[in-house]
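> Here is my input, please return the structure:
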Amino acid sequence: KLGVVQLAALLFFNVSGGPFGSEGMVRCAGPLLSLIGLVVLPTLWSCPVALMTAELSTAYPRDGGYVVWVDEAFGKFWAFQMGWWSWCMGNVDNALYPVMFAQVTETAFGLGYVRWRRVAVKITYTTVLMLLNLLGAQTAGKLTVVLAFMVFLPVVMMVGACATLVKPVAWLDTLPRTDLVGWFNLALWNLNGWDAVSTIAAEVHEPSTTYPQAILLAQGFVIIPYMLMILATTGVDQRYQRYFNGHYNRIAMVTGGTLLGSLFASGAACAVTGGFIADMTLTSYQMVGMAREGLLPSFLLRKLANFETPFIPVLLAFIVVQLLSIHVPFGEILALDNLLYSGQLLLEIAALITLRIRKPDLPRPYRIPLPTWGVALIMCPPATFCFYVMFTSSDSVILLAL
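Below you'll find the model as predicted:
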């Protein structure tokens, strides 16, 4: 069974995996607005979703998570819709990581991939990690703990290397033209996914206490590295138009030499790897939960004898991720991920409030310390953000979602 640290590590990688890949926030809005946003958005978005996850995961400690919540609130039809949307979203999200891994290795080591080599890197990467996922949820949890240490080490060293070089006045910089839609899409992607760990509730040791503790621990793991990295890098390099994926690594090379540059690149590779493993684990066990609830065929419950791993959901996720990572551009995958997640989260919020009204006496080992009207009030900002994403999505992204 997964303990507090293992669950927190899975949650950390599913939500962010460290500050790698957040360069675009600086490019879109500059340091000041990015720092303000990283205070406001977690307060209005991440915390309410995390509280919802803690309450409903402890009330329904079964694999399937939010699919079970919606089933209990609205019945099988909407539970299936929820499962389908979230499964699609999980695989779309996971398709970002092979793309990012190829970008990180190409930028960090100056490999200059041609198209066929980049495709080969993505295929090899996803195949190796799919095989690791077949070893089971407990193995995935232990591996993400190790990867988390390898992510935090270069971040701490990077902040230390920049500390004596920063110009604090740069933290107040704004850009002449701010791309708020682009910033919001990047920030939302870097801060969503708190509800995903609900899909492995049956694999968690004492969910009633483990979930709240793991979520609280993961909140610090997620938000603090983002803040520190933006403070450190923008204090050293104010060429904000160059802040694309991999730019943090270039700053590491300049401030700390080849050793820090290589270590930082390795940390970035570990971050996307941890994200991939966490996503595939949670997405696969969501299908297991749907099969147990009678929403999908029972053959999906078949497991590898030695590892108790649901291998068919893992293989299905592997195929979808391969196709998306090779054929769909990064930007469209990111926007599609946010659009699908927005629809999913709106249904989860509706289920939370409905269950509060219809089942007031349901045992809830952890309960959000607010009356139902207060819960509805704190869920208004996440719901508003979801509608914003839906209304600002491009036509091509909406067509992909359909």
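
> surely Gln6 meets Leu147?
No - with contact defined as Cβ atoms under 8 Å, Gln6 does not count as touching Leu147 (11.7 Å). The C-beta positions use only the backbone N, C-alpha and C, and glycine is treated the same way.

> Using the three-state scheme, assign the residue nearest to Met229 when sequence neighbours are not counted.
Nearest non-adjacent residue to Met229, counting by Cβ to Cβ, 6 or more residues apart in numbering: Pro19, 3.8 Å away. Assigned by DSSP: H, G, I helix; E, B strand; the rest coil, the conformation of Pro19 is coil.

> Torsion angles phi and psi at Pro19?
Torsion angles at Pro19 (phi, psi; degrees, to the nearest 10) stand at phi -80, psi 0.

> quick one: it from Ile230, how far?
Going from Pro19 to Ile230 by Cβ to Cβ, to the nearest Å gives 8 Å.

> can you pull the contacts of Ser86?
66-67, 286, 340, 344 (Cβ atoms under 8 Å, 6 or more residues apart in numbering).

> Let me know the pLDDT of it.
At Ser86, the predicted lDDT confidence score is 84.

> Which helix or which strand is home to it?
helix 76-109 (DSSP states H and E).

> after that helix, next one along is what?
Counting by DSSP H and E, the next helix or strand C-terminal to helix 76-109 is helix 115-133.

> Could I get the average pLDDT for that following helix?
Taken as a whole, helix 115-133 carries a mean pLDDT of 84.

> Remind me which helix or strand Leu391 belongs to.
For the record, residue 391 is Phe, not Leu. Applying DSSP H and E, one finds Phe391 within helix 380-392.

> moving C-terminal of that helix, what's the next helix or strand?
Note on helix 380-392: by DSSP H and E, the next helix or strand toward the C-terminus is helix 395-401.

> Please name every helix or strand in contact with that following helix.
Here helix 395-401 touches helix 330-358, going by 3 or more Cβ pairs under 8 Å, 6 or more residues apart in numbering; DSSP states H and E.

> what angle separates the helix it packs on from helix 380-392?
Between the axis of helix 330-358 and that of helix 380-392 there is an angle of 140 degrees, by axes from the mean of the first three to the mean of the last three Cα atoms, to 10 degrees.

> helices or strands next to helix 330-358 in the packing?
On a contact count with 3+ Cβ pairs under 8 Å, 6+ apart, helix 330-358 meets helix 47-59, helix 66-74, helix 76-109, helix 180-191, helix 372-378, helix 380-392, helix 395-401.

> Of those, which shows the lowest average pLDDT?
Across these, helix 395-401 gives the lowest mean pLDDT, at a mean of 73.

> pLDDT weak spots in the stretch 201-350 of the chain?
When residues are selected by pLDDT under 70, those of the stretch 201-350 of the chain lie in 307, 327-333.

> Going along the chain, name the helices of it.
Assigned helices in the stretch 201-350 of the chain, in chain order: 207-236, 247-292, 311-327, 330-358 (criterion: DSSP state H, counting those that start in this stretch).

> Tell me what angle the third one forms with helix 76-109.
Helix 311-327 and helix 76-109 are oriented at 50 degrees to each other (the same axes, to 10 degrees).

> what do you get for the longest one?
On the basis of the same axes, to 10 degrees, helix 247-292 is oriented at 150 degrees to helix 76-109.

> Does Leu135 touch Phe311 like I think?
No - Leu135 is not in contact with Phe311 according to Cβ under 8 Å; the separation is 10.6 Å.

> closest one to Trp171 among the helices of the stretch 201-350 of the chain?
Nearest to Trp171 among the helices of the stretch 201-350 of the chain is helix 207-236 (6.4 Å), distances taken as Cβ to Cβ.

> Show residues contacting stretch 183-190.
Residues outside stretch 183-190 that contact it (Cβ under 8 Å, 6+ apart): 15-16, 21-22, 24-25, 28-29, 33-34, 37-38, 41, 45, 93, 96, 226, 334-335, 337-338, 385, 388-389.

> change it to 7 Å
The contact list for stretch 183-190, computed with Cβ atoms under 7 Å, 6 or more residues apart in numbering, reads 16, 22, 24-25, 28-29, 37, 41, 334-335, 337-338, 385, 389.

> now swap in stretch 223-230 and tell me
18-19, 22, 26, 31, 34-35, 38, 42, 155, 159, 248.

> Turn those into CSV, including neighbour count.
Formatted as CSV, these follow (neighbours: other Cβ atoms under 10 Å):
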residue, neighbour count
Gly18, 28
Pro19, 26
Ser22, 24
Val26, 29
Pro31, 23
Ser34, 28
Leu35, 20
Leu38, 21
Pro42, 19
Val155, 24
Val159, 16
Tyr248, 27
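
> so of those residues, which ones are in helices?
The helices, defined by DSSP state H, take in 26, 31, 34-35, 38, 155, 159, 248 from the contacts of stretch 223-230.
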